[in-house]
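Chemist: sequence plus the predicted model coming up.
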Amino acid sequence: FTIYYGSGDCSGNVGTDTLTLGGLSHANQGLGVATKIADVFGHQPVDGILGLGWPSLAVDGIVPPMQNILSQLDQPIFTVWLDRHVKPLANKLGGLITYGALDKKNCDATVNYVTLSSKSYWQFPLSGFKIGSYSTTKTAQVISDTGTSWLGAPQAAVDGIVKATGAKYDSANGLYAAPCKGTYPDMTFTIGGHAYAVPSTEYLIDLEIGGGKCALTLFSEQGGGFGPDWILGDTWIRTYCNVHDIGQGRIGFAKAHHSQI
C-alpha cells in the first residue's frame, strides 16, 4: 500500500490484527504496516494514524475501524473535543474522542448539524465567512480535519485575514505573525444557517518565535475542482466540538469547554 498525505507519504504492507478500543473489539481489522515513512512522520512522537474518514477514502478497499465497530456503539456517532493549553503540558489531557455518544462534559449540549456534501472526508458547505471588513457569501466546500493543525483557506480569504489582523509574513519561520498583545476581530464562519465565531485566542498562538510576535494559524489552501476550498483544522476543533454522525451522514458542532482561555 501507499498513502499520500498533505505533508508526506508512507508505504508498506497490508496486515490484519485485532482492534481493541475502549472496550470494543473487532477481530480482523485491516491496517497498513509501514516500511517507509516521510521524514515529517519520523519526527513526530506517534506510532501511527487512526483513520476516521469514510470508506471511499480507504486505500485498497480496507474497511475503516469506525465501520467495523459501528454496531457495537450506543449511537453511530463519535465526538471529538480538543482542549487548549497556553503552553504544552506533557501530563495534561490534550483532548478526548467519545465513541458512540456526545461528550456532555466537555461540550455544550446544543449541537447544530449540517448534512455532509461528500462522504469521503467530513465535508460540508460553508455559506459565508467574515473577519473585520472582509466578507464573502460565496458557497465553498469545507472539511473538518483533526489531522490538520491550522486553518487552510483560499488565497482571497487569507489576504482578508492578514489585512484584518495586520499580520506580516515571517519568511524565517514560514508563517504569518502579528503582535501577541493586541485586539483582533473574530473569524465568523456561517455553516448550515448558524454563525460560528473563532476568537483570536484560538487563531493567534504563541510559538515563541520572538519579538513579541504570535503565529497566525493559517495557510493558503490550493483547493478547487473536486477538492475542498477550506480545511478547518485544530484551530476550529478547539473552539467547537465536532460530532461526527455516521448514521445520518452529517456533522454537528457544539461550543467546546476549556479550563484555560
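Modeler: That came through, no problem.
Chemist: contacts only, for residue 169.
Modeler: The neighbours of residue 169, taking C-beta atoms under 8 Å, 6 or more residues apart in numbering as the test, are 162, 175-177. Using the backbone N, CA and C atoms, a C-beta is placed for each residue, glycine as well.
Chemist: for it, which three-state class applies?
Modeler: Put simply, residue 169 is strand when judged by DSSP: H, G, I helix; E, B strand; the rest coil.
Chemist: tell me where the model's unsure across the stretch 101-250 of the chain.
Modeler: For the stretch 101-250 of the chain, the stretches flagged by pLDDT under 70 are 223-226.
Chemist: on that earlier part again, from the contacts of residue 169, which two are the most distant?
Modeler: Across the contacts of residue 169, no pair lies farther apart than 162 and 175, at 11.2 Å, counting by C-beta to C-beta.
Chemist: mutual contacts of these two, please.
Modeler: Taking C-beta under 8 Å, 6+ apart as the contact rule, residue 162 and residue 175 both touch 169, 216, 218.
Chemist: with these in mind, which one is nearest to residue 52?
Modeler: Distance from residue 52 was checked for each of the shared contacts of residue 162 and residue 175 by C-beta to C-beta. The minimum falls on residue 218, at 23.9 Å.
Chemist: burial measure for the closest residue to that closest one other than its chain neighbours, as a count.
Modeler: Leaving aside its sequence neighbours, residue 218 sits nearest to residue 151 (C-beta to C-beta, 6 or more residues apart in numbering; 5.3 Å). The local packing of residue 151 (other C-beta atoms under 10 Å) involves 25 other residues.
Chemist: run through the bridge partners of residue 151.
Modeler: Residues found in beta-bridge contact with residue 151 (criterion: DSSP bridges) are residue 218, residue 232.
Chemist: how close does it get to residue 72?
Modeler: For residue 151, the distance to residue 72 equals 34 Å [C-beta to C-beta, to the nearest Å].
Chemist: got it, and residue 165?
Modeler: Residue 165 sits 46 Å away from residue 72, taking C-beta to C-beta as the criterion.
Chemist: quick one: the helices in the stretch 101-250 of the chain?
Modeler: 155-165, 200-203, 234-239 (DSSP state H, counting those that start in this stretch).
Chemist: ok, which of the ones you listed comes nearest residue 106?
Modeler: Among the helices of the stretch 101-250 of the chain, the nearest to residue 106 by C-beta to C-beta is helix 234-239 (11.1 Å).
Chemist: so can I have TSV of the contacts of residue 169 showing neighbour count and distance to residue 29?
Modeler: Rendered in TSV, the data for the contacts of residue 169 read as follows (neighbours: other C-beta atoms under 10 Å; distance: C-beta to C-beta, whole Å):
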residue	neighbour count	distance to residue 29
162	18	44
175	19	38
176	21	41
177	22	43
